[in-house]
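> take this sequence and fold it.
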Amino acid sequence: MRDAPADEASAFHLPRPTAWPAVMAAGITLFMAGFIINNLFMLAGVVIFGIALAGWIGELRR
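Residues are numbered from 1 along each chain as shown. All right, here's what the predicted structure looks like:
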């Protein structure tokens, strides 16, 4: 394999690291725990999931 020139290597765009995926995972975990524990956990999980989804999409749009 040959090494890519510097201009080709800089053509890739990676999004900045963000905590939103971890927050979304916490929301999903709370939602699933709500099936066992209490419906309040389900509601909190849905709210956290929605906030994380909006934050993550907003982060990607910048």
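> looking at this protein, which helix is longest?
Longest among the helix segments of the chain by residue count, using DSSP state H, is helix 39-61.
> any buried residues in that one, and which?
Neighbour-count burial for helix 39-61 flags 41-42, 44-45, 48-49, 52, 56 (criterion: 16 or more other C-beta atoms under 10 Å). In this view, the C-beta of every residue, glycine as well, is placed from N, C-alpha and C.
> again, but for stretch 32-41
Taking 16+ other C-beta under 10 Å as the neighbour-count basis, stretch 32-41 is seen to contain the buried residues 34, 41.
> for it, list the C-alpha coordinates in CSV.
What follows is stretch 32-41 as a C-alpha-only set of coordinates in CSV (Å, rounded to 0.1, in the frame of the first residue of the first chain):
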residue,chain,number,x,y,z
MET,A,32,-35.4,-0.6,30.5
ALA,A,33,-35.0,-0.6,34.3
GLY,A,34,-38.5,1.0,34.5
PHE,A,35,-40.0,-2.2,33.3
ILE,A,36,-38.8,-3.9,36.5
ILE,A,37,-38.7,-1.1,39.0
ASN,A,38,-41.3,1.7,38.4
ASN,A,39,-42.9,3.6,35.6
LEU,A,40,-41.3,6.8,36.9
PHE,A,41,-37.9,5.3,35.7
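> neighbouring contacts of that stretch?
Stretch 32-41 is touched from outside by 30-31, 42-45, with contacts defined as C-beta atoms under 8 Å, 6 or more residues apart in numbering.
> now pLDDT too, for those, in CSV please.
Formatted as CSV, the entries for the contacts of stretch 32-41 read as follows, by pLDDT from 0 to 100:
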residue, pLDDT
Leu30, 96
Phe31, 96
Met42, 96
Leu43, 96
Ala44, 96
Gly45, 96
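> tell me the secondary structure of Thr18, please.
Three-state assignment for Thr18 (DSSP: H, G, I helix; E, B strand; the rest coil): coil.
> nearest residue to it other than its sequence neighbours?
For Thr18, ignoring the flanking residues on the chain, the nearest one in space by C-beta to C-beta, 6 or more residues apart in numbering is Glu59 at 5.1 Å.
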